[in-house]
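>>> What shape does this take:
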Amino acid sequence: MGFGDLKSASGLKVLNGFLSDRSYIEGYVPSQADVAVFEAISAPPTADLSHALRWFNHIKSYQSQKSSLPGVKKPLGQYGPPGVADTTSGSAPAAKEDDDDDIDLFGSDEEEDADAARLKEERLAQYAAKKSKKPALIAKSSILLDVKPWDDETDMSKLEECVRSIQMDGLIWGQSKLVPVGYGIKKLQIGCVVEDDKVGTDILEEHISAFEDFVQSMDVAAFNKI
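The predicted structure follows:
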């Protein structure tokens, strides 16, 4: 497995193809796999490599919290499509990150005495304490909804008021606008941010469609992980 040389155009092209049907290197949320590949790239992908560039800019936004992303960073050659060898220069196993750099989990190779054993235990305790304070990553999505009325006589202000009256844990309503659909009819286009493990599009549709005096149907116009 691998991407070839990620510091070259050919390697970035392989990465672009790999990400054409994926949001992340592994799984469905940013992880240490994305950090490992991101750090191996010497320059942002060019505009023609749209999938790689989209992924690069997204992972770049996590730089201040990369150590809190889930997973364990593996050697670069363990990521990517099968049948492609990793030839990226300097792609040795990743070093420890940020505030863990000063913690030596294994100490010296010399024979340990009582003081060395005590020191190791203290360092392990420090390491565990730092890890326990790091916040868990909450997966969120940005959703754009199209809410269609019955006809041109539907009170769109009342329709939007009904939609925004839906309140639940993990849901934040955003901006909205009315978009013409023809014959004098306008649909409500409204955005929201949801926590993935608390709110789904099926729940939103169920609640919005319940306002049957105003709402004919609801569609998801756009869905993006953030």
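
>>> so how far is G170 from the residue nearest to D169 when sequence neighbours are not counted?
Distance criterion C-beta to C-beta, 6 or more residues apart in numbering; nearest residue to D169, sequence neighbours excluded, is K198 at 5.7 Å. (Glycine included, C-beta is placed from N, CA and C.) According to C-beta to C-beta, to the nearest Å, K198 and G170 sit 3 Å apart.

>>> Check which helices and strands the helix or strand of the chain with the lowest mean pLDDT is in contact with.
Sorting the helices and strands of the chain by mean pLDDT, DSSP states H and E puts helix 114-133 at the bottom, at a mean of 79. For helix 114-133, there is no helix or strand it packs on, judged by 3 or more C-beta pairs under 8 Å, 6 or more residues apart in numbering; DSSP states H and E.

>>> just how off-centre is that helix within its chain?
32 Å (C-alpha atoms, centre = their mean, to the nearest Å).

>>> Next, the buried residues of that helix.
Buried residues in helix 114-133, counted by 16 or more other C-beta atoms under 10 Å: K120, R123, Y127.

>>> what about the strands in the chain?
140-149, 171-182, 185-195, 215-225 (DSSP state E).

>>> Listing partners with orientation, what would you give for the third one?
Sheet pairing of strand 185-195 (DSSP bridges) gives strand 140-149 (antiparallel), strand 171-182 (antiparallel).

>>> what bits of the chain have low per-residue confidence?
Applying pLDDT under 70 to the chain flags residues 90-112, 133-136.

>>> Next, work out how far apart S10 and P45 are.
Taken as C-beta to C-beta, the span from S10 to P45 is 12 Å.

>>> These two: which is more packed in?
P45 (22 against 12; other C-beta atoms under 10 Å).

>>> so what's that one closest to, chain neighbours aside?
Using C-beta to C-beta, 6+ apart, the closest residue to P45 is A52 (3.9 Å).

>>> What is the neighbour count of the one you found?
26.

>>> show me what contacts the nearest residue to K74 once chain neighbours are set aside?
In space, and not counting its chain neighbours, K74 is closest to A36: 6.7 Å by C-beta to C-beta, 6+ apart. Going by C-beta atoms under 8 Å, 6 or more residues apart in numbering, A36 touches I25, K73, K74, L76, Y79, A94.

>>> Now the buried members of those residues.
Buried among the contacts of A36 by 16+ other C-beta under 10 Å: I25, K73, L76, Y79, A94.

>>> Columns distance to Q63 on top of the residues you listed, output as a markdown table?
Shown next, in a markdown table, are the buried ones among the contacts of A36 (distance: C-beta to C-beta, whole Å):
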| residue | distance to Q63 |
| --- | --- |
| I25 | 16 |
| K73 | 15 |
| L76 | 18 |
| Y79 | 19 |
| A94 | 15 |
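
>>> Return the closest of those residues with respect to S132.
K73 (19.5 Å; C-beta to C-beta).

>>> number of nearby residues for the closest residue to that closest one other than its chain neighbours?
Spatial nearest neighbour of K73, excluding adjacent residues (C-beta to C-beta, 6+ apart): Q32 at 4.1 Å. Using other C-beta under 10 Å, Q32 has 19 neighbouring residues.

>>> Repeat that for the one 3 residues further on.
Here the neighbour count serves as a burial measure; for V35 (other C-beta under 10 Å) it reads 21.

>>> For Q216, the count of nearby residues, please.
14.

>>> Can we start the residue count at 28 from this point?
Right, with 28 as the first residue, what we last looked at is Q243.

>>> Contact partners for G201?
I217, G218, C219, V220.

>>> ok, it to N84 distance?
21 Å.
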